[in-house]
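Peer 1: Structure for the following, please:
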Amino acid sequence: MKQKVKLFFPVDVPTHLEAGKLLAEVRPFIDVAKVGLELIDNIGLPAAVNIPKVFGLDVFADVKLYDIPNTIKGASKAITALGVAYFNVMAEGGVDMMAAAMEGSGERAKEWGIPCPKVIAVTIPTSQKYSDLIRKGIVPVDIPEPKTKDEQQAFITSVVMLLAESAIAAGVDCVLSSPLEVAAIRARWPEVEILCPGIREPDSPPDDQSRKMTPYEAVKAGTTGLVVGRLIRNPPEGVTREQMARKVREGIDRALAEMAA
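Peer 2: Numbering: from 1, shown residues only. Now for the predicted structure:
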């Protein structure tokens, strides 16, 4: 598969003004603006979606749908009507729920004669660790209790793969995981789009992202889309957002060049 990598930028701010200022700074370097719960809950989904459109950007509505299939179908129709390029569902909701999202978005796109957005299935959020899965009641079966970090990550990968399998069965367009699970997903489903948050540099300060890689590493692993927010939005002292966005792009381009050689 000839790899293409999009850069998604989260517009995680509470106001129209802040969102516009952010996008004005990073617009030349990004492909898709992600509008998430902070902006949506402050100004409403339609208004949040319209801000990136002013800059000519595709929009990812990070709504994390999770409900019964009938409700998800109706919600997917409503979101599709806003003209977004992507929206997401939680893979834990199951095959029927994800299939309902696909059905609802497809029906509305056909009814209105508009492009159908791509549906992203979120597997295990990048902030979650092995201990978080245990607390949720997801436990290893027929294998020894994972003790080392590598063993624990192997277990997380196995759970991600089960969720990804459900997502693929439902017909979704894209799977979201941490970069640490990308190689396994790519090996099994070579053509699927894989979107990855948890993108950091080696010298990035610790935060709530537990499973992470650099932009270069994530692309080499096989991702087709990087969600890069705080790395660009809150650059180190003395570095501008534009410079950090350019650095992320350089990491992506270097990885792609090496893979094509």
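Peer 1: What is whichever strand in the chain runs longest packed up against?
Peer 2: As assigned by DSSP state E, the longest strand anywhere in the chain is strand 58-65. Applying 3 or more C-beta pairs under 8 Å, 6 or more residues apart in numbering; DSSP states H and E, one finds that strand 58-65 contacts strand 32-35, helix 37-43, helix 45-54, helix 69-80, strand 86-90. Quick note: C-beta positions are derived from backbone N, CA and C, even for glycine.
Peer 1: tell me which residues in the longest one are buried?
Peer 2: Spelled out, it's helix 69-80. Within helix 69-80, the residues that qualify as buried are 69, 72-73, 75-77, 79-80, counting by 16 or more other C-beta atoms under 10 Å.
Peer 1: okay, these in TSV with distance to residue 194 next?
Peer 2: Below are those laid out as TSV (distance: C-beta to C-beta, whole Å):
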residue	distance to residue 194
69	25
72	22
73	25
75	24
76	21
77	26
79	22
80	22
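Peer 1: Looking at the residues you listed, spot the one nearest residue 13.
Peer 2: Comparing the buried residues of helix 69-80 against residue 13 with C-beta to C-beta places residue 79 closest, at 20.7 Å.
Peer 1: Next one: the closest one from residue 118, what distance?
Peer 2: As for residue 79, its distance to residue 118 is 12 Å (criterion: C-beta to C-beta, to the nearest Å).
Peer 1: Verify the stated contact: residue 74 with residue 104.
Peer 2: Yes: between residue 74 and residue 104 a contact is recorded at 6.5 Å, counting by C-beta atoms under 8 Å.
Peer 1: quick check: mean pLDDT across stretch 196-211?
Peer 2: Rounded to a whole number, the mean pLDDT of stretch 196-211 is 75.
Peer 1: list the buried ones in the helix ranked longest in the chain?
Peer 2: Across the chain, the longest stretch assigned as helix under DSSP state H is helix 149-170. Across helix 149-170, burial judged by 16+ other C-beta under 10 Å covers 152-161, 163-168, 170.
Peer 1: For that helix, output the C-alpha coordinates as CSV.
Peer 2: Below are the C-alpha coordinates for helix 149-170, written out as CSV (Å, rounded to 0.1, in the frame of the first residue of the first chain):
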residue,chain,number,x,y,z
LYS,A,149,5.6,-3.4,30.4
ASP,A,150,6.1,-5.3,27.2
GLU,A,151,3.7,-8.1,28.4
GLN,A,152,1.1,-5.5,29.5
GLN,A,153,1.4,-3.7,26.1
ALA,A,154,1.0,-7.1,24.3
PHE,A,155,-2.3,-7.6,26.3
ILE,A,156,-3.5,-4.1,25.4
THR,A,157,-2.7,-4.8,21.7
SER,A,158,-4.8,-8.0,21.9
VAL,A,159,-7.8,-6.0,23.2
VAL,A,160,-7.3,-3.3,20.5
MET,A,161,-7.2,-6.1,17.9
LEU,A,162,-10.5,-7.5,19.1
LEU,A,163,-12.1,-4.1,19.0
ALA,A,164,-10.6,-3.4,15.5
GLU,A,165,-12.0,-6.8,14.3
SER,A,166,-15.5,-5.7,15.3
ALA,A,167,-14.9,-2.3,13.6
ILE,A,168,-13.8,-3.9,10.4
ALA,A,169,-16.8,-6.3,10.5
ALA,A,170,-19.1,-3.3,10.9
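Peer 1: got the contact list for the helix or strand following that helix?
Peer 2: Following helix 149-170 in sequence order, the next helix or strand is strand 174-176 (DSSP states H and E). Residues outside strand 174-176 that contact it (C-beta atoms under 8 Å, 6 or more residues apart in numbering) are 86, 88, 91, 118-123, 164, 167-168, 185, 189, 192-197, 224-225.
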